[in-house]
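>>> got a predicted structure here, sequence first:
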Amino acid sequence: MRDFRWLFLLVSAAVVFALLAPQQQPGTPEDAVKQVYDTIESLPEGSAILLAMDYDPQAKAELEPTSIALVRHALRRNLRVIGMTFWFTGNDFANVLFEQVGSEFPDKVWGRDYVYLGFQPGGMAQVITGMGENIARTFPQDYRNRATAGMPIFQQVQSLKDIAYLIDLAAGDSFVGWIVYGGDKYAVKMAVGCTAVSGPDMFVRLDAKQINGLIAGLRGAADYESLIGIPGLGTSGMFAQSIIHAMIVLSVILGNGLYFWRKRKKHQEA
Amino acid sequence: MRTIKLTIPLLLAFLFGIFGIAIQYTAHPFSSDTKELISQWSIIIGGITWVLGTYSLMHLHVGKMKRREEGWGYSIFFFFGFGIVALASVHNGGRWFWNPNVAKGTLYQWLYEALFVSAGATMFSLLGFFIASAAVRTFRARTVEGTLLLLAAIVVMLGRVPLGEMISGYLPRVSDWLMRVPNTAARRAILLGVSLGGIALSLRIIFGIERTYLGGRD
Amino acid sequence: MAESRRRDILILLGCVAMLFVANFVLFAAQTFPLRSAGMPDWWKTSIIIAGVVMTVAMFSFLYKDNPFFRAAENLFVGLGLGVSLNVEWFNFFKPHVYDILVAPVFDPTVDVQKAELVRLVPIALGILLVMRISRKYGWVSRYTMGMLVGFWAGFAVQPEIHSNILIHLGATITPTPMPWIAWASLGAVAVLLCVTAYYAPKGGRLALGLKIASGAAALGYIILRAVPALQASEAWAEAFNSLDRLVIIVGVLSVLFYFFFSLEHKGAVGAISRLGIIFLMVAFGASFGYTVMARESLVVGRFQFLLGDWLQLL
């Protein structure tokens, strides 16, 4: 069996080189990403947005830069941000993210301007339906076990119908549940931030206008960071991404070239 | 006995299934209140079923250790990991578990960020190396269809990174078109088919034709 | 065998030594401990060092399956179960059960609300479900399963039909206004494709020529579609948009034909199915490209941690 460890070393070396190289210019932001940005820009101050942080450490590299950029943008626009998750493994660092980004805005208060509710078991259809009727009763306490019923943020936001924009940051297929039981059912404007693996599936939803924007993978994160003017991990990772892609494409072309050359040689010998 | 063990559960599935369909078409406040109640109850039931998953995993590792299977010693790390996080959760930064979640600066937080997040992120990043080797090893343009797949992959891979834009402004635009048109068409057809299958499965469950979810032999 | 084992031990010792040296250099250069408001932040420093050890243990699998990787892997699974316990308690049991039904029993100042006693019903149903563990009494779990699965299966029917079928049918069949010249070009290409489909199974030079012509027509459209000047023009944009919608309709129908195995894929059905395969290949190729991007992003993320958070080089 051939040894591909040389390829692993090559990929690692390429990534190290690309990360240490001087910062490259990001590409032109994709239209689908711009749509999310424009929607948030157009929301009146005080509107509530819901961020479903449906990812875990495995997808951190792709979705954390997007999450940070979105929370920053929303708080900068004086929107109210509500976070929750269906992935218990990502529950704790989603809270850390909310607290860290929230602390960048000293005038924003937990429970009034932003809150992270945590995780609820039971299934997506069940929890989203509950949120569609009453968010505070579905999440009686936030992540830190403070009662949600008395929180100022939930005086204006009773259910999903009061949410101006819902963004699902999806490492898996949670966006299906959000679209089917949330966005379409309660007529909530929706967007999705997803790992690049789910990206191709999202274009169907985009075309059917079930979502009005899409932030797919690290490229999407880099685009969003460039739109809000705060470069982060997304932007810094794009050059490395370019190098690896070029390496893989060249290897595939080379591999195919060798394959056809050997095939022709065998044919000629025969 | 069969009535109690099988017929009544199937009857319940049928009655609740019809109720589930009917409630979607009722605009009465009763519908809204019932949906909320059933959601709450489902959340509580779902939370309790955590016990099943935990029991299953524990049973697997205990069995492995009892039977001294290959690699049984590593199960000690499993129990150690579980034990230390459980203890940290119970301790809750000194405030104990019956008080609100302290979250910040606790042993639990340390274990989560230092070990769990790093291990999880790295485990999936291994796939990046393997997919690179898979692409190099197996991606061959043996047939017309295979060549199409290969070309689409190359265009999309280059079109989505700044390098593609540097090579040619056409790459990102062609990549975008491939995603918005032929990809959308194919995936929409798959979605329609899968959804029809899902609805058929729902109806089979309601009418008692599909029983595997009940478990057991009969 | 001995040679390989010696090499593995040397590599292991080399990695451990590199880790030690790197951390020593970081401490010596006063990069570590990290500082927060001027004070040493041992919390964050220890998290990073422990994270690096776990990362290296996991990455060691790339060299070879080894005890450190397997230990780290099992530790990770155990940690995950512990995390689930923590989340279940603080996010579910405590707010939904303990604080409402149990804590008031120990706190004389708080009463258990009578309305909340109804929660005992789902708790009982949940306990019935957990009985699945028992071989003798596992059948009682069927009551809860029947109610739960039955209700949500029924509940899913309407949203599925609406969100996953009707909306998408509506999005597929949309108006396609185009100037007559676009319709004429489309007609010509349609004729070409039909003739190609007819002659393709026969083989020969004519079939090959027609296939090449069809491919060239498709490629020509894709490239024309990407010309910026044409995209900026309103008339061209409308025509392209309409053509794209027609391509989507044809694509959806042909892929549905491909997956309909009750009809033999011969003749016209076979030709439409082959067109469906072309759309599927493009979709899967795009999927592969995006999957590569996703996985490589995770690699980039890990190296950002190692080079940035640990070695402080970024």
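Nice, I can see it. All values derive from a computational prediction rather than experimental measurement.
>>> residue ranges of the strands in chain B, please?
For chain B, no strands are identified by DSSP state E.
>>> domain ranges for it, per the record?
Taking automatic domain parsing as the criterion, chain B consists of the domains B:1-48, B:59-138, B:142-218.
>>> I'd like the ones you listed as CSV, with mean pLDDT appended.
Shown next, in CSV, are these (pLDDT from 0 to 100):
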stretch, mean pLDDT
domain B:1-48, 90
domain B:59-138, 92
domain B:142-218, 91
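>>> give me whichever of the ones you listed is most buried.
Across these, averaging neighbours per residue (mean count of other C-beta atoms under 10 Å in any protein chain shown) puts domain B:142-218 on top, at a mean of 20. From N, CA and C alone the C-beta is placed, and that goes for glycine too.
>>> that domain near chain A at all?
Yes - counting by C-beta under 8 Å from any C-beta of the partner chain, chain A is contacted by domain B:142-218 at B:150, B:154, B:157-158, B:160-165, B:172, B:176, B:179-180, B:183-184, B:187-188, B:191.
>>> how far is stretch C:139-151 from where the chain is centred?
With C-alpha atoms, centre = their mean, to the nearest Å as the basis, stretch C:139-151 stands 30 Å off its chain's centre.
>>> next, residue A:215: secondary structure please.
Assigned with DSSP: H, G, I helix; E, B strand; the rest coil, residue A:215 falls in the strand class.
>>> which residue is the nearest non-sequential neighbour of it?
Leaving aside its chain neighbours, residue A:215 sits nearest to residue A:193 (4.0 Å; criterion: C-beta to C-beta, 6 or more residues apart in numbering or on different chains).
>>> what sits up against the helix or strand residue A:82 falls within?
Here residue A:82 sits within strand A:80-85, counting by DSSP states H and E. If you take C-beta atoms under 8 Å, 6 or more residues apart in numbering or on different chains as the criterion, strand A:80-85 is touched by A:46-55, A:71, A:74-75, A:91, A:94, A:98, A:112-120, A:135, A:139, A:153, A:156-157, A:163.
>>> pull stretch B:43-57 out as CSV, backbone CA atoms only.
The C-alpha atoms that make up stretch B:43-57 are tabulated as CSV, following Å, rounded to 0.1, in the frame of the first residue of the first chain:
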residue,chain,number,x,y,z
ILE,B,43,-38.5,18.2,25.6
ILE,B,44,-38.9,16.7,29.1
ILE,B,45,-39.2,13.1,27.7
GLY,B,46,-36.2,13.8,25.3
GLY,B,47,-34.1,15.0,28.2
ILE,B,48,-34.8,11.8,30.2
THR,B,49,-33.8,9.6,27.3
TRP,B,50,-30.3,10.9,27.8
VAL,B,51,-30.1,8.0,30.3
LEU,B,52,-30.5,5.5,27.5
GLY,B,53,-27.5,6.9,25.5
THR,B,54,-25.3,7.0,28.6
TYR,B,55,-26.2,3.5,29.7
SER,B,56,-25.5,2.2,26.2
LEU,B,57,-22.0,3.8,26.0
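>>> how far does it sit from its chain's centre?
For stretch B:43-57, the distance to the chain centre is 15 Å (C-alpha atoms, centre = their mean).
>>> hmm, it in reach of chain C?
Yes - Stretch B:43-57 lies within reach of chain C by C-beta under 8 Å from any C-beta, at B:43-45, B:47-55, B:57.
>>> closest residue of chain C to chain A?
residue C:301 (2.3 Å; C-beta to the nearest C-beta).
>>> could you look up the SS state of that residue?
helix.
>>> OK, contacts around it?
Residue C:301 sits next to A:60-62, A:233, A:237, B:121, B:125 when contact means C-beta under 8 Å, 6+ apart.
>>> does the residue of the stretch 151-270 of chain A at minimum distance from chain B belong to a helix or a strand, and which?
Of all residues in the stretch 151-270 of chain A, the one sitting closest to chain B is residue A:242 (3.7 Å; C-beta to the nearest C-beta). Following DSSP H and E, the helix or strand that holds residue A:242 is helix A:233-269.
>>> leaving out sequence neighbours, find the closest residue to the residue sitting nearest the centre point of chain B.
Nearest to the mean C-alpha position of chain B, by C-alpha atoms, centre = their mean, lies residue B:53 at 13.9 Å. Nearest residue to residue B:53 in three dimensions, chain neighbours excluded: residue C:84, at 7.6 Å (C-beta to C-beta, 6+ apart).
>>> and if you look at residue C:294?
Nearest one to residue C:294, counting by C-beta to C-beta, 6+ apart, is residue A:196 at 3.6 Å.
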